[in-house]
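# Provide a 3D model corresponding to the input given below.
(one chain, ligands or ions: 1)
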Amino acid sequence: MTALEQYKIQREELIKLDRSLRRDHQVTSLSAAEAEADQIIRKIRAAEATSIWSLDYPSIPHPFPGMEFLTGREIIVKTKLFEILSRMPKGALLHAHLDGMVNVSILLKLALKYPSIHVRAPKSLTTQNIDAVAPEFLPLPKNEYPKSALGLTETSYQPNSWVPIQVAREQFHPDLGGPQGFDRWVTRALTINPSEAYGTHNTSVKIWKKFGSTFLVGGNLTRYAPILEDYIKEFFHSSIEDGISYVEPRVNFMSKTVIMADGTRVHHRELMVIYDRVIREVKEEMKRRGREGEFIGARIIYSTVRFCDNKELEWYLQDCIALKKEFPHLIAGFDLVGHEDELYPLIYYAETLLRFPAMQKEAGVEIPFIFHAGETLGDGTVADMNLYDAILMGTKRIGHGFSLVKHPELLKICKERDIAVEVCPISNEILRLTSSMLTHPLPILLNHGIHVALCSDDPSVFGNMGLTFDYFQVLVASEQTGLIQLGEMAKDSIKYSTLEAHLREEALGLWQKQWHKFLEYVIAVGKEALPSN
Ligand SMILES: O=c1[nH]cnc2c1ncn2[C@@H]1O[C@H](CO)[C@@H](O)[C@H]1O
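Got it, this is the predicted structure:
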């Protein structure tokens, strides 16, 4: 054996050892179909890296695979890879916020259906101020409808006076784009655009200001009971169409958050009632269409925001237990949400949170913590240190865990205690934790053998509806990650859901069937797209 041959053997061994913790390297029995489909995906990825990503586009002068999502999106949707991934069975969606789940144009259409929805602005809108002024929406009770209303763009518009939404839209001044200008104005307030993410709001703190404002603008629409019902339905259906068969979104609970048809505010128990009903309806509908295996169901991770004090948190914990007793099949866990860099850390709530297990025991219920932690660029900051508390308090999974890779001992614990990480690649990039997918820490987690579920977080705000975009960004930003690793993450999303063992098994069985069909499809596409294959 020559020195070079010997060296090559050593090299192979080292590579194998280094990759041995990855889940895709632990799959021992790859089926022929899996191996073939994986090769096809790799070939298409390589071909598109030159045929699509090395071109210059008028509006995107220097594209590359895994680039800033909001800039690259229009290229992504033209790729074969995207088309293929949109057909992939994704398993479960484990990290998402209900308030950010429905495409804003659909939300706007829903809002326009109800004459009770009114809109106002702090001043008359002009071409100069429109980008800096956000709309405020509110469903009004009939007796509070304004007698007459001037459009928001009239010079004599009374600041902060309510205008019926249809009137506001129809009377939007042609200089501001007419009705379509109104739609653009609302859309801008409910989404983050590339010039904000990559220009004017280029730090985590600045972009969170905009991010938070989108929920304030949308809140009175999404929490209006008649809209909420259609909103949840749309969320489930659009998830199903993207290959997601089960969802576990966080729902923000703050007392009296649901607005009834008559404009009165009620306790969020009403949301549970609506959610429960919609699950049943969607299941029945899928059954009627002969597609029942594609929707296993949905639960809710009870969440409140990290600006409440300990006394309020105590109330939320009690409230969560009460809802768990009434809707045991719906409440999946408990979490605290909001910008970790700026709001209270978990240690601030430790004394109260540590009482939660005893409270549950007394009530005879079980509600795991499923904490957001480490969604930060910090190193030793309170947000980064939330990871210690989340793990010490027994979190079932970690939401984001962006800074987890800085903690060797915590990585070890995640493996030992089987704590999966909910990774939201596009959210992290738009909220300025990483400049592109290429600098995202996901490969570090995968190479350490940590279980990961890919998630979309707030797709209505970021534009990454479904899970296909997140899978796409991950696939094109790594040479190692291929179809097998994507499949492992989809499986992990089911394994680390809060579904009970028998339901999990059932869900995995259904996923496996869909996966086989998907592999056949990929192979067929391969024959067409790569005839020399
Ligand atoms: O990525 C996230 N990390 C922490 N909190 C979030 C994230 N996305 C949304 N929210 C929070 O959830 C609520 C909307 O339901 C908002 O309060 C928002 O701050």
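
# can you pull out the low-pLDDT segments for the protein?
255, 531-533 (pLDDT under 70).

# K233 versus V278, what's the distance?
5 Å (CB to CB, to the nearest Å). (Each C-beta comes from the backbone N, C-alpha and C, glycine too.)

# quick check: phi and psi at the residue most central in space within the chain.
In the chain, the centroid-proximal residue (CA atoms, centre = their mean) is D457; its distance is 2.0 Å. Phi and psi for D457, reported as degrees, to the nearest 10, are phi 70, psi -80.

# roughly how far apart are it and the ligand?
Applying CB to the nearest ligand atom, to the nearest Å, one obtains 5 Å for the distance of D457 from the ligand.

# which bits of the stretch 401-533 of the chain sit near the ligand?
Listed as neighbours of the ligand in the stretch 401-533 of the chain under the rule CB under 6 Å from any ligand atom: S427, D457, D458.

# between those, which is nearest P146?
Nearest to P146 among these is D458, at 32.7 Å by CB to CB.

# for G100, give me its contacts.
Applying CB atoms under 8 Å, 6 or more residues apart in numbering, we find G100 in contact with T214, F215, D457, D458, P459, S460, V461, F462.

# try 10 Å this time
For G100, the contacting residues are 190-191, 211, 214-215, 218, 222, 235, 249-250, 427, 456-462, by CB atoms under 10 Å, 6 or more residues apart in numbering.

# among these, which are in strands?
R250 (DSSP state E).

# residue of the stretch 301-450 of the chain nearest the ligand, please.
Closest residue of the stretch 301-450 of the chain to the ligand, CB to the nearest ligand atom: V337 (3.7 Å).

# I'd say that residue and V305 touch.
Yes - counting by CB atoms under 10 Å, V305 is a contact partner of V337 at 5.8 Å.

# can you list the domains in the protein?
For the chain, automatic domain parsing gives the domain ranges 85-103+225-516, 104-213.

# what's around G401, how many residues?
32 (other CB atoms under 10 Å).

# which non-adjacent residue is nearest the residue nearest to the centre of the chain?
S427 (3.6 Å; CB to CB, 6 or more residues apart in numbering).

# ok, the one you found - contacts?
Counted by CB under 10 Å, 6+ apart, S427 has contacts 69, 95-97, 100, 211, 375, 400, 402, 433, 455-459, 461-462, 464, 470.

# so how far is the one helix or strand S303 maps to off the chain centroid?
For S303, the host element (DSSP states H and E) is strand 300-305. For strand 300-305, the gap between its own C-alpha mean and the chain's C-alpha mean amounts to 14 Å (CA atoms, centre = their mean, to the nearest Å).

# just checking: what are the partner strands of that strand?
strand 250-252 (parallel), strand 331-337 (parallel) (DSSP bridges).

# any idea how far apart the tips of stretch 486-502 sit?
24 Å (CA to CA, to the nearest Å).

# any residues of the protein in contact with the ligand? List them.
Counting by CB under 6 Å from any ligand atom, the chain sits next to the ligand at 97, 99, 212, 215, 252, 305, 337-338, 372, 375, 427, 457-458.

# what subset of the residues you listed is buried?
H97, D99, F215, N252, V305, V337, G338, H372, E375, S427, D457, D458 (16 or more other CB atoms under 10 Å).
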